[in-house]
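# A structural model of the following input is requested.
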Amino acid sequence: MGLMDGNMFCTTLEPRLFTIDTSIKEDNNFIEDLLSLCNTENSKLNASSCYKSIKNFIPLRTSALRVLAACYYLEDFREQIFQVLYKALEKPNAELQETAFECMKKFIAGYTVEKELVHQTVRPLLMTLGDVKNLSLNGVKMLSYLTQLFPHVFNERLCVQLLGILKELLKNLSNTHKPNQESDVLGAPSNSISKKGDEEQKIVTIISIFHQTPAASSKFINQLCQLILQTEQAMMIEASSPFRDVLMKFLLRYSAETLEMFLNDNYIKDKQFSRYLEYLIKHKDGKPFRDFIQNNMVKRLITMVLSNYINLSLELHERNELQYQSIRIISLLIKYDDQWLSTQQELVDALKQIWCDDAYQERHKNVDQLEYTHWKEPKLVVKILLHYFCHHPTDIDLLFQLLRATVDRFIPEFQFLRDFLENTVAQNYTVEWKRSAFFRFVELFPLNDMSQELKSKVLQLILIPCFAVSFERGETNKLVGGPPMPYQDSSDNVVSVFINKLIDPDNPFPSADCVRISLLQFSCLLVEQASPHIHDHDANNKAQGFKLRRLMTFAWPCLLVENCVDPATRYHGHLLLSHIIDKFAIHRKIVLQVFHSLLKAHALEARNVVRQALEILTPSMPLRMEEGHTMLTHWTKKIIVDEGHSMQQLYHILQLVVKHYKVYYPVRHDLVQHMVSSIQRLGFSPTATLEHRKLAVELAEVIIKWEIYGIKEKSKGSEFVENIPMKRPMFDESGESSRKKMAMTGPSGSGIIPVPVVKTEPGVSKSTDKIHVNTVLNFLLRLACQVNESATTNPANPPDIWSQSVDLKLTFFDKILMTAKTSNPNIGNICTALELLTYLLTVLDKSQILDSFKSLQGGIGACITANNSKIIKLVHNLLMKLMAIFPMERTNANLTSKDDALNTLYSDVGEVIFEGLNNYEKKENPSHLFGTVMILKAACTNNHSYIDLLITPFMKVLNKLAKEHLQPTSTEYSALTSELLILSLDLVKTRVVVMGEDMRKTFIGSIFGGINREDAGY
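Residues are numbered from 1 along each chain as shown. So this is what the prediction gives:
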């Protein structure tokens, strides 16, 4: 074998290292031995002594074949070598057959075999093709090899014959693997096709012959495709078909004819063909198909896109299918070639035509008559046109029309379009483009080419975001078209053109509500960000402020209910007026009218815009009139009193107070009473929602913040600044934007605004009345126990907030704590109550504690006997602090207080401890002992000698705990026993001196010593 490989290597070198000479006996014998090795049967070779031990002759024969193929120059042996190689092709072994094929290629590359010899050799094989039943996979593979080796030897008759064989094989395969109607629950056929089965391999090999031989002309395209695709459909194996790839190789030879057929009306509307066409286009080797469509079939695509306008002879569903398939093909092509569509103006115009057709839009809004595969067609169209727009951003009309996707409700989502507008157009496009888009919209606005809804979307999704981004970047003058000229008009000035051409104060309601809302929103943006271009903030220049006057006139009808029924439209007008009031000196009557109207606006559908308007207007009230705070509190209080019966109205007005508590600070005393009464209603009404309770807590928090701020002002020894908006930054400003911090300079840096100084409100530094203080505190305490949340400790001590002592009504705590004895206690409420009581011990004085806790002794006593570990730990903390304030006195075995008010509670504590220690000896369960030990620990914290009265029963308990720890009878309570033992040792460690001699020995020797020995591992 080594000699053969070495000989083959030397023979195939260029130039050849040596040449075999058959006239030399040794060379001749070598060639004959090679021929004999390839032709002789294995059994005969094994009879020879030199091959006796060889089991596998394949490696020897493959080496021999390679040497023979390299000897194509030996004229005397050429025909014999050819026959040997040909016979090797017939061998059933795949490795040997593949080697013979490679060797035959090398052989005929060096020597041209006579055509007649090939015919004689191949004829027996061709004779066997007539019998499909006896056709073997090996024979089909051999035929495949021959067509590759001698492609010009075979004619079209072979292809016709192979096509007949293919039909028979596919028919048999389809019958064998026909999907069983009684398939499993997942719907999988009981007989699935195998890509490596013999029958499947035969079919694949025969199909491959068509692309290997030149005799297979384009006329077989139709027949092969029909045959393969129909079989796939019948067998339901389209996705996993092993025939698709090999069929594609043949179709690639005739890409033009293939596409002409597939894009024919008769085939493209067949879903089986259209799906295979998609497969060809998307395939990694499908570039010839894609290139041909892009270069030669654009007109066909246009015809298909416009099927509903051209091919009227077809049925409607057929025209829809043609249209969808063309759009689908275009969407695939642009994924592989980013530049192609940008040059196809006619095709884009056709797509624009169908997209802008109202009938098309209507058809895809009501999809009852459409196939589900067509539901995504509008999304494909938008993606294609958006792709084109990215290369042609000057086609602004196209971008406007694409917003039709956001006007109506389609089944597919168009978030990608919104993202493009928000992240690409608004953020990355130039100021010049934004100005062009604005002026183009102005041209289209009076025309009927765009619907009212579409005009609204252009403003909402393109112009407003684009302008907002440029304003934030400081490009105001560049975007508007020059420096501020509030008293001049210019056709290049965005503000002038908008005010003069887009808004019409004389006819404010010709447009749909959606357009009016968008115009009002755009007006708000201009007033907020470009106010110097509208007016110069000079109150004495009202005569020349025609731009401001037109804006005011445009928004004014929204104040009149009879003119504006839609709440969203109405209150967007209020929002514009609020912006104008915030930026310019406006007459006080207008300010009050807008403010009063917003205070009454509690409709849910307009809640967000009303909040925005009040967010802007409320801080401006004290700046726009001398008695601003007076008017602020007057109308707020009036609406609370007159219309507070409506929960929605009350919620709305109180939310305003909470949001702008800094502005209301100087007039807080006029509102506190109404706020406190509303707190009770919002917090404890049977119909109160979670939002209402949250607002009640926020109102209480506002009252507390007011008092904290008042205390800070007093401690500084300074009076409250007259101009309260200037003082507002003394509060927490973390949630305020810089625009809403009312400074004395104008928002656009246009100089000093003449602001009247607000007079100090009388009694501004006076503390809140005691009755309101008590109500707020008691409300918070009660609500904290009802919402079942852990109480948040107020860092400010109540006596530090209010100068007078508070009167807490804690009787309701007793009711909550008493529920600990019931079968189904509310653990959360009980724990919250105990935490609050523990906290109150740190902020109340002794007399208040005695008065309050006298009525709570029963409830605390109920908690002492509870079995819940969380309650026990909280009671322990409570008693520990209480006993630190009111020390105990020992009387026999009882615990009493110097103050008779707590005797009941302290007596209950003593009884619980005594009974708990005695009961543990009778019960093996240590869980009941945990409460006793914790209460005893609380009693001993401030009086270490108290345990002396109980030393005898306690030591018995300790001894039992130590035994259970050292020799546990159950693992269920081992952790609890260890914890109890640690607590007990901690209680008695300082009381050894009071133990008797025997008790001390037991403690040190048995208990303490036993634990030490166990820990040491003895």
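# For Lys249, see how far away Ile209 is.
Note on Ile209: its distance to Lys249, by C-beta to C-beta, to the nearest Å, is 11 Å. (Each C-beta comes from the backbone N, C-alpha and C, glycine too.)
# Between these two, point out the one with more neighbours.
Ile209 (24 against 14; other C-beta atoms under 10 Å).
# Check which residues of the helix or strand where that one lies are buried.
In the assignment (DSSP states H and E), Ile209 maps to helix 198-212. Neighbour counts over helix 198-212 (16 or more other C-beta atoms under 10 Å) mark 199-212 as buried.
# what sits against the spatially closest residue to Asp566 that is not a sequence neighbour?
Sequence neighbours aside, Asp513 is the residue nearest to Asp566 in space, at 4.7 Å (criterion: C-beta to C-beta, 6 or more residues apart in numbering). Shown in contact with Asp513 (C-beta atoms under 8 Å, 6 or more residues apart in numbering): Asp566, Ala568, Thr569.
# For the stretch 851-1000 of the chain, which segments count as strands?
Here the stretch 851-1000 of the chain has its strands, by DSSP state E, counting those that start in this stretch, at 888-891, 894-897.
# Assumed Pro214 was part of a strand.
No - assigned with DSSP: H, G, I helix; E, B strand; the rest coil, Pro214 falls outside any strand and is coil.
# can you give me phi and psi for it?
The phi/psi pair for Pro214 (degrees, to the nearest 10) reads phi -70, psi -10.
# Adjust the sequence numbering to begin at 677 for everything that follows.
All set: I'll call the first residue 677, so the last point we hit is now Pro890.
# I'd like the distance between it and Thr1495.
Separation of Pro890 from Thr1495 (C-beta to C-beta): 97 Å.
# Equivalent analysis for Asn848, please.
Distance, Asn848 to Thr1495, using C-beta to C-beta: 82 Å.
# out of those two, which sits in the more crowded spot?
Higher neighbour count among Asn848 and Thr1495: Thr1495, with 18 against 14, using other C-beta under 10 Å.
# Quick check: nearest residue in space to that one, chain neighbours excluded?
In space, and not counting its chain neighbours, Thr1495 is closest to Pro1501: 4.7 Å by C-beta to C-beta, 6+ apart.
# Now do the contacts for that neighbour.
Thr1495, Ala1542, Asn1544.
# So Tyr955 is in contact with Arg920, correct?
Yes - the criterion here is C-beta atoms under 8 Å, and Tyr955 meets it with Arg920 at 6.4 Å.
# Neighbour count: the two, which is higher?
Ranked by neighbour count (other C-beta under 10 Å), Tyr955 and Arg920 place Arg920 first, with 19 against 16.
# shouldn't that one be in contact with Tyr952?
Yes - using C-beta under 8 Å, Arg920 makes contact with Tyr952 at a distance of 7.1 Å.
# Please determine how far the residue nearest to Thr1495 is located from Arg833.
Applying C-beta to C-beta, the value for Pro1501 to Arg833 is 97 Å.
# With Arg1039 instead?
52 Å.
# Of those two, which one has the most company?
Neighbours per residue, other C-beta under 10 Å: of Arg1039 and Arg833, the larger number sits with Arg1039, 19 against 10.
# Let me see the contact set for that one.
Residues near Arg1039 by C-beta under 8 Å, 6+ apart: Gln1045, Leu1046.
# Using PDB, write out every CA atom in the strand or helix carrying it.
Applying DSSP H and E as the criterion places Arg1039 in helix 1034-1041. This file holds the C-alpha atoms of helix 1034-1041, laid out as PDB (Å, rounded to 0.1, in the frame of the first residue of the first chain):
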ATOM      1  CA  ASP A1034     -58.700  55.100   0.800                       C
ATOM      2  CA  ALA A1035     -60.200  51.900  -0.500                       C
ATOM      3  CA  TYR A1036     -56.900  50.100   0.300                       C
ATOM      4  CA  GLN A1037     -56.900  51.500   3.800                       C
ATOM      5  CA  GLU A1038     -60.500  50.500   4.400                       C
ATOM      6  CA  ARG A1039     -60.000  47.000   3.100                       C
ATOM      7  CA  HIS A1040     -57.200  46.400   5.600                       C
ATOM      8  CA  LYS A1041     -59.100  48.000   8.500                       C
END
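# Give me the buried positions along it.
When burial is assessed from 16+ other C-beta under 10 Å, helix 1034-1041 yields the following buried residues: Tyr1036, Gln1037, Arg1039, His1040.
# Which helix or strand lies directly C-terminal to that helix?
Sequence-wise, the next helix or strand downstream of helix 1034-1041 (DSSP H and E) is helix 1053-1067.
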